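> what's the 3D shape of this:
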Amino acid sequence: MKASEWAMPSGTTKKFTPEIDAQLYDELVATAERNGQTKRHVLEQALKFYLRSVVPSQHVVRPEVMDAFEESVTRNRDLLERLAK
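The predicted structure is shown next:
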């Protein structure tokens, strides 16, 4: 992801107040303080990363899973053909 994609959005904002795990919140605050950033910035960056990187990858099948599936189909071709009839 390019640096420009991680920039703070310009425009409107929405206020929300979710309840999150206390330990996770403490880690968010500590990270922001350690990096000289606001909690908002750290949270927005985390959300962007999740929405742009994690979510799309959840719809991709790992190559080793496909390899195992293809091997299973090859190994069981005779049975699969008999079941199809």
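> What strand or helix carries Asp67?
If you go by DSSP states H and E, Asp67 is part of helix 63-75.
> Contacts made by that helix with the rest, please.
The contact list for helix 63-75, computed with C-beta atoms under 8 Å, 6 or more residues apart in numbering, reads Leu80. For every residue, glycine as well, the C-beta is placed using N, CA and C.
> Quick one: mean pLDDT for it?
Averaging pLDDT along helix 63-75 yields 88.
> Which helix or strand lies directly C-terminal to that helix?
Scanning onward from helix 63-75 (DSSP H and E), the first element met is helix 77-84.
> Could you list the low-confidence segments of this protein?
Where the chain drops to pLDDT under 70, the residues are 1-10.
> which residues of it fall in strands?
Read by DSSP state E, the chain holds no strands at all.
> Let me see the ranges of the helices in it.
Taking DSSP state H, the helices of the chain run over residues 22-35, 39-49, 55-57, 63-75, 77-84.
> Nearest to Thr13, out of these?
helix 39-49 (8.9 Å; C-beta to C-beta).
> Burial check on His41, number of neighbours?
14 (other C-beta atoms under 10 Å).
> wait, doesn't it sit right on Ala32?
Yes. Contact criterion C-beta atoms under 8 Å: His41 and Ala32 qualify, at 7.0 Å.
> about what we covered before: can you say which of the helices of the chain is packed in most?
Most buried of the helices of the chain, by mean neighbour count (mean count of other C-beta atoms under 10 Å): helix 39-49, with a mean of 14.
> and the angle from it to helix 22-35?
Angle, helix 39-49 to helix 22-35, by axes from the mean of the first three to the mean of the last three C-alpha atoms, to 10 degrees: 110 degrees.
> For helix 39-49, name the packing helices and strands.
On a contact count with 3 or more C-beta pairs under 8 Å, 6 or more residues apart in numbering; DSSP states H and E, helix 39-49 meets helix 22-35.
> What lies in contact with the helix it packs on?
By C-beta under 8 Å, 6+ apart, helix 22-35 touches Gln37, Thr38, Lys39, His41, Val42, Leu43, Ala46.
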